[in-house]
Each structure stands twice: as C-alpha cells, then as structure tokens.
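Peer 1: Got a predicted structure plus its sequence, pasted below:
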Amino acid sequence: MDPKALKKLVESISNTVKSFKKSEVECLIRLFHKLVGRADVRLDNVGLDRNAFRGILYSIFGMTDDVLMNRVFFAFDKDNDNCINVKEWVKGLSVFLRGTFEERLKFCFEVYYLNGDGYISREEIFDMLKNSLHQPSSEEETDEGIKELVDITLKKMDYDNDGKISFADFEKAVKEERLLLEVFGPCLPEAKNCLDFEALAFRHILTSRF
C-alpha cells in the first residue's frame, strides 16, 4: 500500500467526514483494503460488491434480513454503481457508528424508499412490513393484516394525506416518537455491534496508547 496515496486519501476523506479522527479514517481505509483483498489495485479504484458487503453486515453487524441488507447496500452506494468504494465505506460507517440523530434519520429514510422518487409508497410499506412479519397464518390472512397495519402507519405518519410518506412526514413522525426510526425494519446496527466493530477496526490505535 503506497504511503503517499494512503496519506492523500486519508486527507481527502477526513475533510468530508468529521466523526472520525484521521488515525481512525486510516484504520478504516486499511480494513477496507483488507476486506477487498486486492493489494495490486489503486486504493481509490476498488470496491465491495453487494455479496461482500452483505457478508460484512451479517458477520460484523449481526444483520440477517436479506431485503434490509440489500437496502442498506444501496444506501451506502451513493453513486449507484453497484459497488461500495472506499469513500462510501467510510462515510457510511460514520453514520452507522457515530451518526447524529439527523444523519440516522436520513439514512433510515433512504433505506426505506427504493424507487428513487423520495417517497415511501403504500406498496413499499406493505412489502417491508410483510418481509418483517413472519406469521404462521395463511398468506391471505397475513396480507389482510398487513394492509390494516399499512393504513394505521399512513394515518400516523402521512401528515399531508397524499397516500405516501415524504421525508418531511418521516422526520416529523420520528421526532415525535423516536421508536418509529426503524419502523419498517432494523437497518442500523445495535450499539454492541458498533463497539465490537470499533474495537476490531481501531485496535492498533487503542494498543498504541498503552
């Protein structure tokens, strides 16, 4: 790994991500490079594909839901090239590990809408709730129950009554009741998983202090 290229990349990313120290950014870049496992390519030209990233979400952050893991991938993948580059990796982790309430709010909303129009539609709510509810009853009974849940959700969160949830709707609802942040499924890691990841990623920094 070229030290000059690494230093330049650390500087560039540190200027856009304020929640990590430069030493931590360097550790995350090194970890990314290790995970990609391709030492013969430039640092700014490699990435994690969806399967590799899902493996990280599962093994490190304890996520198990296939649909939500895919959605988290797309929320990390800002340039929509089906690959998470090193900058997207660090920026995404800054929200995952140390995001402010506002950053997490925006991240969850991005995870929950799929079609890129900036709204969570009735159909998307139905699909997400159906995915998260594993009921032993028949599919027909389950669908009817979910439709009722969708109606209740829209009644609670659709402030402008247009049949879909905008970011303004989502923000207002979550600020009034924070438990609604992950209302359509867990897309943020638990605190313990975050601490475990930081202990792994930043262990060289921690050991050098003693």
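Peer 2: All right, it came through fine.
Peer 1: C-alpha from now on. contacts and neighbour counts both.
Peer 2: Will do.
Peer 1: Now do the spatially most central residue of the chain, the pLDDT please.
Peer 2: Centroid-nearest residue in the chain: residue 72, 4.1 Å away (criterion: Cα atoms, centre = their mean). Listed pLDDT for residue 72 reads 96.
Peer 1: Tell me how far the residue nearest to it when sequence neighbours are not counted lies from residue 118.
Peer 2: Counting by Cα to Cα, 6 or more residues apart in numbering, residue 72 lies nearest to residue 111, which is 5.7 Å off, once chain neighbours are set aside. Using Cα to Cα, to the nearest Å, we find residue 111 at a distance of 11 Å from residue 118.
Peer 1: What ranges does the chain have for its strands?
Peer 2: Secondary structure of the chain by DSSP state E: the strands cover 119-121, 164-166.
Peer 1: So, low pLDDT: which residues of this structure?
Peer 2: By pLDDT under 70, the weakly predicted segments of the chain are 1, 38-45, 134-139, 141, 206-210.
Peer 1: what's the longest helix in it?
Peer 2: helix 139-157 (DSSP state H).
Peer 1: That one packs against which elements?
Peer 2: Packing partners of helix 139-157 (3 or more Cα pairs under 8 Å, 6 or more residues apart in numbering; DSSP states H and E): helix 122-132, strand 164-166, helix 167-176.
Peer 1: Pick the most buried one from those.
Peer 2: Most buried of the helices and strands packed on helix 139-157, by mean neighbour count (mean count of other Cα atoms under 10 Å): strand 164-166, with a mean of 21.
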